[in-house]
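**Q** Kindly return the folded structure for what I paste below:
(chains A and B)
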Amino acid sequence: MMLPSEKHLKGSLHFVPRTLPSTPSRGRAAEQTCLALLQACTSLRHLLQTTALLLKYGLQSNPLVLTKFAAASSALDALEVATSLLFSPHASTHLYDCFLFNTVIRSHAQSDRLGDRRLAISYFSAMLRCRLLPNKFTFPFLLKACASLPEPTGVGAQVHGCVVKYGYSSDPYVQNTLIHMYSGAPSGLDFARELFDRMPKTSPVTWSVMIGGYVRSGFSNKAVGLFREMQGRGIQADEITVILVLSACADLGALELVRWLGSYVERENIPKALPLCNALLDALAKCGDVDGAVALFEQMHAKSIVSWTSVIDGLALHGRGKEAVRVFEMMKGAGVVPDGVAFISVLTACCHSGMVDEGRRYFHSMTSDFGIEPQIEHYGCMVDLFSRVGMIERALEFVKTMPIEPSPVIWRMLIGACRVHGRLELGERIAKNLLDEDPTHDSTYVGLSNLYALRRQWEKKWETRRAMSERGIRKVPGCSLVELNGEIYEFVAGDESQLQYRGVYEMLEEIGRKIKLTGYLPTKTEVLLDIDEEDKEDALH
DNA sequence: GTAGGGTTAG
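**A** Model (predicted):
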């Protein structure tokens, strides 16, 4: 959607007032005409023409017209047009009402542009400056805008203060959006839980908001725990709760629970709409039941690009690159136009199966055939593609010539590749550069110290570890999750607090022995390097 | 005119 140029806009605003009659017609006929025109606006041009007309009739201060106007411009994704009229020098702010501001705040809160969402909060301030009282609809809109900011709890807490001040803290809609807003930031999660626990009356929405907060913050295990509590209290989950828990399962690899949720949906007659099927499909695929996912995909009567992408991604993730590429081609054959996410999946497939040429072809096709501008994720896939097969120079060259700033993730991928393919000096150089720019990320230190370990430069290795701890940075320990009889167990590396840890490690060693007996050979590059036995064992585990 | 939702490089 083309946005109107400033010039165009100012033109329409400044031209019309000069032609206004000395006593502007405020008749009902003009008002009705403009309302009808605004209702029917389908293009930006149309909207600008209507703008000119309503200015001509002096309706720029008519609250009814303005509200409709705000709604029409937000439907056309032209928020600038709305606000330049509402807050133009010709506007008579004393005629504004709460409804008008709610419309403007809502349309800005729903925008996918960050700047617009920030503006929603400014309009709330403007509303208070106009001495207007917010009503019960104002806060859910406003909190939604706060929730989608990068740091929601800062300004969100101020809005919370207003919620209390204006007496809406016991409105269930407001309470649910408050929990949603706080749970959007890791630092606000505990407070969100406090609010949740204090809710006198909960609905499936309340539970979904809290479960969704855990999922978004990466605490999928807690999300599942809360869902169990919900079940225990006999609260009926709805479609959205199930979707959220499924995405937690996809994260945890909890296949048994995914299947249980599938039968729960059947048993409770929860409508199997497309988003639910997609969530189930994705969870099955991510948890390793790719064939189950494909079977579900085939019996789904409605499929969206998300369904296709989940299947492609599932195949790619489990090393079935050739099939993934085939499904991608089938998708195009079925007339579904791939989007940026679908290309990430097919590029992932090429990565995981070493299909360098195919990957390059798809990367090229993305822009030349579909006009999709590659994002950092796509460049990341290409770097990974070259890195994995040992084309380190090509990967580096690619990073140096790509038109957007390489992210730390990309540099860390290269460091990993340097380690695997024995390019230790290069890896060291990249790691040091990266540490100069961002000394706070644990895995960069770990990557560098691993490079030194492989080169048997113990002194430098310890130096790196020391630098890390001096800056107060600690390695986040790795962990695995095992699902057994519907229960999810979490194992954290090096954690000896667990009651049965001795047994766990003994079992690990036994598994290691058995794997070797069946003919497992460790990766050659790791073994060819001159490292000591203990590190070798560590690396292999 | 109000709240929660699906696929995204390692």
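
**Q** Check whether whichever strand or helix holds A:Glu31 comes into contact with DNA strand B.
**A** Assigned by DSSP states H and E, A:Glu31 belongs to helix A:28-40. No - Helix A:28-40 is not in contact with DNA strand B by Cβ under 7 Å from any atom of the strand; minimum separation 14.4 Å. Where you see a C-beta, it was placed from the backbone N, CA and C, and this is true even at glycine.

**Q** packing partners for that helix?
**A** With contacts defined as 3 or more Cβ pairs under 8 Å, 6 or more residues apart in numbering; DSSP states H and E, the packing partners of helix A:28-40 are helix A:44-56, helix A:63-75.

**Q** Helix A:63-75 and the first one, what's the angle between them?
**A** This means helix A:44-56. Orientation check (axes from the mean of the first three to the mean of the last three Cα atoms, to 10 degrees): helix A:44-56 against helix A:63-75 gives 160 degrees.

**Q** Buried residues in helix A:44-56, which are they?
**A** Judged by neighbour count (16 or more other Cβ atoms under 10 Å), helix A:44-56 contains these buried residues: A:44, A:47-48, A:50-51, A:53-56.

**Q** Could you do stretch A:278-287 as well?
**A** Result for stretch A:278-287 [16+ other Cβ under 10 Å]: buried residues A:278-287.

**Q** repeat for stretch A:180-189
**A** A:180-185, A:188-189.

**Q** wait, is A:Leu59 part of a helix?
**A** No - looking at A:Leu59 with DSSP: H, G, I helix; E, B strand; the rest coil, it is coil, so not inside a helix.

**Q** Can you name the residues that contact the closest residue to it other than its chain neighbours?
**A** Sequence neighbours aside, A:Val65 is the residue nearest to A:Leu59 in space, at 4.6 Å (criterion: Cβ to Cβ, 6 or more residues apart in numbering). Residues near A:Val65 by Cβ atoms under 8 Å, 6 or more residues apart in numbering: A:31, A:34-35, A:38, A:54, A:59.

**Q** quick one on the thing from earlier: Serialize the helices and strands packed on helix A:28-40 to TSV and add fields for mean pLDDT and distance to DNA strand B.
**A** What follows is the helices and strands packed on helix A:28-40, written out as TSV (pLDDT from 0 to 100; distance: least, Cβ to the nearest atom of the strand, whole Å):
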stretch	mean pLDDT	distance to DNA strand B
helix A:44-56	76	20
helix A:63-75	78	8
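
**Q** These: which one's closest to A:Val265?
**A** helix A:63-75 (34.0 Å; Cβ to Cβ).

**Q** follow-up on the earlier one: report the separation between the residue nearest to A:Leu59 and A:Leu37.
**A** 10 Å (Cβ to Cβ, to the nearest Å).

**Q** Show me the buried residues of stretch A:278-287 that map onto helices.
**A** Of these, the ones assigned to helices by DSSP state H are A:278-286.

**Q** Neighbours of the closest residue to DNA strand B within chain A, how many?
**A** Residue of chain A nearest DNA strand B, by Cβ to the nearest atom of the strand: A:Gly380 (1.7 Å). A total of 22 residues lie near A:Gly380 under the criterion other Cβ atoms under 10 Å.

**Q** Can you tell me the centre-most residue of chain A?
**A** The residue lying closest to the centre of chain A (Cα atoms, centre = their mean) is A:Arg216, at 8.0 Å.

**Q** in the helix holding A:Glu31, what's buried?
**A** Buried-residue list, helix A:28-40, by 16+ other Cβ under 10 Å: A:30-31, A:33-35, A:37-38.

**Q** How about stretch A:443-454?
**A** Residues A:444-454 are the ones in stretch A:443-454 that count as buried (16+ other Cβ under 10 Å).

**Q** Mind picking the lowest-pLDDT entry from these?
**A** Lowest pLDDT among the buried residues of stretch A:443-454: A:Leu454, with 78.

**Q** Distance-wise, check that residue relative to A:Lys460.
**A** 11 Å.

**Q** cool, A:Asp171 as well?
**A** 60 Å.

**Q** Equivalent analysis for A:Gln110, please.
**A** As defined by Cβ to Cβ, A:Gln110 lies at a distance of 53 Å from A:Lys460.

**Q** How about A:Asp190?
**A** Taking Cβ to Cβ, one finds A:Asp190 at 40 Å from A:Lys460.

**Q** try A:Glu151
**A** Relative to A:Lys460, and taking Cβ to Cβ, A:Glu151 is found at 37 Å.

**Q** With A:Ile515 instead?
**A** 33 Å.

**Q** Give me the more crowded residue out of the two.
**A** A:Lys460 (16 against 12).

**Q** pretty sure the residue of chain A closest to DNA strand B is touching A:Ile410, no?
**A** Yes - with contacts counted by Cβ atoms under 8 Å, A:Gly380 reaches A:Ile410, the gap being 5.5 Å.

**Q** List the residues that contact A:Leu281.
**A** A:293, A:296-297, A:300, A:307, A:310-311, A:314.

**Q** Report the two of those separated the most.
**A** A:Met300 and A:Gly314 (14.3 Å).

**Q** With neighbour numbers in mind, choose between the two.
**A** Between A:Met300 and A:Gly314, counting by other Cβ under 10 Å, A:Gly314 is the more crowded of the two (30 against 16).

**Q** so what's A:His441 closest to, chain neighbours aside?
**A** The nearest residue in space to A:His441 (Cβ to Cβ, 6+ apart) is A:Pro408, at 6.4 Å.

**Q** Run through the residues that contact that neighbour.
**A** Going by Cβ under 8 Å, 6+ apart, A:Pro408 touches A:434, A:437-438, A:441, A:444.

**Q** Go through the residues you listed and flag which are in helices.
**A** In this view, those that belong to helices under DSSP H are A:434, A:437, A:444.

**Q** Among those, which one lies nearest to A:Ala223?
**A** Set against A:Ala223, the nearest of the ones in helices among the contacts of A:Pro408 by Cβ to Cβ is A:Thr444 (29.5 Å).

**Q** Would you mind naming what in the stretch 1-150 of chain A lies close to DNA strand B?
**A** A:98-99, A:102-103, A:135-138, A:140-141, A:144, A:147.

**Q** For chain A, give me the ranges with low pLDDT.
**A** A:1-26, A:87, A:89-92, A:95, A:486, A:494, A:498-499, A:520-541 (pLDDT under 70).
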